[in-house]
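Participant: Predicted structure and sequence below. I'll ask about it afterward.
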Amino acid sequence: MSKVKNYYWDEAEKYVDSLINQIKNKTMTIAEAIAEAKTKTDVSWALLGFDELSFEDDLETVLIEETQ
């Protein structure tokens, strides 16, 4: 079971890293990244510590911290 969990954890981290890179490359804004992330149903946000009730706020905080 841990292999599956690690796989989804890695995939979630890769997705957030790709959003960060797009923001740094100025091909996407933070607002666009959050809007895109809301449509992703295959990302396990809870594995990254994002609360489902404050998902947008948590993601925005990470994106701001990592891109400034």
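Facilitator: Here it is on my side, so go on.
Participant: which stretches of the protein have low pLDDT?
Facilitator: Within the chain, the stretches with pLDDT under 70 are 1.
Participant: got the contact list for residue 56?
Facilitator: By CB atoms under 8 Å, 6 or more residues apart in numbering, the contact set of residue 56 is 34, 38. Where you see a C-beta, it was placed from the backbone N, CA and C, and this is true even at glycine.
Participant: what sits against the closest residue to residue 8 other than its chain neighbours?
Facilitator: Distances taken as CB to CB, 6 or more residues apart in numbering place residue 44 nearest to residue 8, at 4.3 Å, with adjacent residues excluded. By CB under 8 Å, 6+ apart, the residues touching residue 44 are 8-9, 11-12.
Participant: Show me which of those residues is closest to residue 37.
Facilitator: Residue 37 lies nearest to residue 12 out of the contacts of residue 44, by CB to CB, at 10.3 Å.
Participant: For the closest one, pull up the helix or strand it's in.
Facilitator: With elements taken from DSSP states H and E, the one containing residue 12 is helix 2-24.
Participant: Check which helices and strands that helix is in contact with.
Facilitator: Judged by 3 or more CB pairs under 8 Å, 6 or more residues apart in numbering; DSSP states H and E, helix 2-24 is in contact with helix 30-39, helix 55-67.
Participant: ok, the most centrally placed residue in the chain - contacts?
Facilitator: The residue lying closest to the centre of the chain (CA atoms, centre = their mean) is residue 16, at 3.5 Å. Residue 16 is in contact with 48, 59, 62, counting by CB under 8 Å, 6+ apart.
Participant: please redo it, this time with the cut-off set to 10 Å
Facilitator: Residue 16 makes contact with 33, 37, 43, 45, 48, 50, 59, 62-63, 66, according to CB atoms under 10 Å, 6 or more residues apart in numbering.
Participant: And residue 17, by the same measure?
Facilitator: Contacts of residue 17 (CB under 10 Å, 6+ apart): residue 66.
Participant: Over to the one 10 residues further on?
Facilitator: Contact partners of residue 27, counting by CB under 10 Å, 6+ apart, are residue 21.
Participant: Relative to residue 18, how far out is it?
Facilitator: From residue 27 over to residue 18 the distance is 11 Å, taken as CB to CB, to the nearest Å.
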